[in-house]
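>>> test case, fold it:
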Amino acid sequence: MDLILTTFGTYLHRQGEMFVINIKEQKQEVSARKVRSILITTGASLSTDAIQLAVEKNIDIVFLDKFGQPYGRVWHGRPGSTTAIRREQLRLADTEQGLRLALGWLSRKIENQLLFLREARQRRTRLSAALTDKIKALSDLRESLAGVSGNLDEVRGSIMGFEGRAGRTYWEAVNLLLPESFQFAARSHNPAKDEFNCLLNYSYGVLYSTVERACIIAGLDPYVGFVHTDHYQKKSLVFDLIECYRIWADETVVGLFAARKITKDLFDPLQNGLTLNKQGKAVLMERFGEHLDETIRYRNRNIKRRDTVQLDCHRMANEWIGRLSDEDDRDAGVDNL
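Here you go, the predicted structure:
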């Protein structure tokens, strides 16, 4: 489970092998064996003893800002990395193979989006014609993206251009799926300008943390990216890989609107946008957690949706250094989930 501390004044400390959460006059105890990660937003605090317990149990502590974006983490400092993996990662970033990897991640993102829209079209027959047009345009852009070739540095601008057009097409289609009172003008980041983007941004922030954790455990360098290059001074590989998994946030947020779970009182106004309040975070994270913990069939095994990220990262790292066999493909990362 993930411990998510969002209430102002929350205090987390240790009692033996238990985490103790104090919220005002209430106290809750959670066994460290049941905790996968601890997510802390602004206004909460924790003791050094709690940090020590987390380090001992290989539980990462992630600090999120009020928009859900991770800005720091406490890690045990013993990642299962090897120098060989990171050397190969640096080498691949400038090769044709690196370009193929980057295009593969973006193609997977668009394929996820197309599947999502096709399923929505089956349920929303009144939107069939409009969604069909968007699906056709998105499919064409995916084909164009697959045809890109050359040096990654030289074609990066073209890749980003195709991705930008695909994104605009996709979000125009998603907007059709929302109640009219919650439709949005465009994607907006922090702060979000509307309720949909507010929920989506917070979900993506949680995903960033999940992908970064998987990279570190697999021995990948989160800062060495392919499409998102290292001159951004950010975790470029995390930005690259998250494209494969954003659809989980999209499905969750659109599903919440479809189920009429979203109301205006889940948000607090800012000077130039909106933020999720405590109640809003609870509604989102309950549903998002359920979605991530759902067992799915992936690479010939039954596995939680969230754990496929770790499996993918281990598999990629092993492939890069020539350690991937049929047995490795079956077993990579399972013991580390």
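
>>> ranges for the helices of the protein?
In the chain, the helices defined using DSSP state H lie at 48-56, 83-92, 96-123, 128-146, 152-176, 195-218, 236-241, 246-258, 278-293, 307-320, 326-331.

>>> what comes up buried for the third one?
Of the residues in helix 96-123, those with enough neighbours to count as buried (16 or more other CB atoms under 10 Å) are 98-99, 101-103, 105-110, 112-114, 116-117, 120-121. In short, each C-beta sits where N, CA and C put it, glycine included.

>>> quick one, domains of the chain?
2-74, 83-336 (automatic domain parsing).

>>> which of those domains has the lowest mean pLDDT?
If you rank these by mean pLDDT, domain 2-74 sits at the bottom with a mean of 86.

>>> and the end-to-end length of that domain?
15 Å (CA to CA, to the nearest Å).

>>> run the chain-centre distance for it.
In terms of CA atoms, centre = their mean, to the nearest Å, the centre of domain 2-74 is set 20 Å apart from its chain centre.

>>> ok, stretch 141-161 next?
The answer for stretch 141-161 is 23 Å, by CA atoms, centre = their mean.

>>> neighbouring contacts of that stretch?
Here stretch 141-161 makes contact (CB atoms under 8 Å, 6 or more residues apart in numbering) with 93-96, 98-99, 102-103, 106-107, 110-111, 114, 162-163, 165-166, 169, 226-227, 229.

>>> can you do 7 Å?
Stretch 141-161 is contacted from outside by 94, 98-99, 102-103, 106-107, 110, 162, 165-166, 169, 226-227, using CB atoms under 7 Å, 6 or more residues apart in numbering.

>>> same question, stretch 259-269
182, 195, 198, 256, 274-277, 279-280, 283.

>>> most widely separated two among the contacts of stretch 141-161?
Farthest-apart pair in the contacts of stretch 141-161 is Asp94 and Thr169; separation 30.6 Å (CB to CB).

>>> out of these two, which sits in the more crowded spot?
For Asp94 and Thr169, the more surrounded residue by other CB atoms under 10 Å is Thr169, and the numbers stand at 22 against 13.

>>> just to revisit the earlier point, quick one: closest of the helices of the chain to Glu25.
helix 278-293 (17.1 Å).

>>> circling back: who wins for most neighbours among the contacts of stretch 259-269?
Cys198 (29 neighbours).

>>> pull the contacting residues for that one.
Applying CB under 7 Å, 6+ apart, the residues near Cys198 are 192, 267, 274-276.

>>> quick one: Asn302 and Leu311 touch, right?
No. Contact criterion CB atoms under 7 Å: Asn302 and Leu311 do not qualify, at 12.0 Å.

>>> ok, these two, which is more surrounded?
Leu311 (22 against 8).

>>> tell me the spacing between the more buried one and Asp153.
30 Å (CB to CB, to the nearest Å).

>>> do Thr6 as well
Distance from Thr6 to Asp153, by CB to CB: 42 Å.

>>> these two: who's more crowded?
More crowded of Thr6 and Asp153, by other CB under 10 Å: Thr6, with 22 against 11.

>>> what's near enough to touch that one?
For Thr6, the contact set (CB under 7 Å, 6+ apart) comprises 41, 278, 281.

>>> out of the residues you listed, which is most surrounded?
Thr41 leads the contacts of Thr6 on contacts (other CB under 10 Å) with 23 neighbours.

>>> for it, give me phi and psi.
Dihedral angles phi and psi of Thr41 (degrees, to the nearest 10) take the values phi -100, psi 180.

>>> run through who's touching stretch 28-48.
1-6, 8-15, 17-21, 53-54, 57, 59-66, 213.

>>> and the gap between Gln122 and Met160?
32 Å.

>>> tell me how far the residue most central in space within the chain lies from Val174.
With distances taken as CA atoms, centre = their mean, Leu207 lies nearest the centre of the chain, 2.2 Å away. Distance, Leu207 to Val174, using CB to CB: 17 Å.
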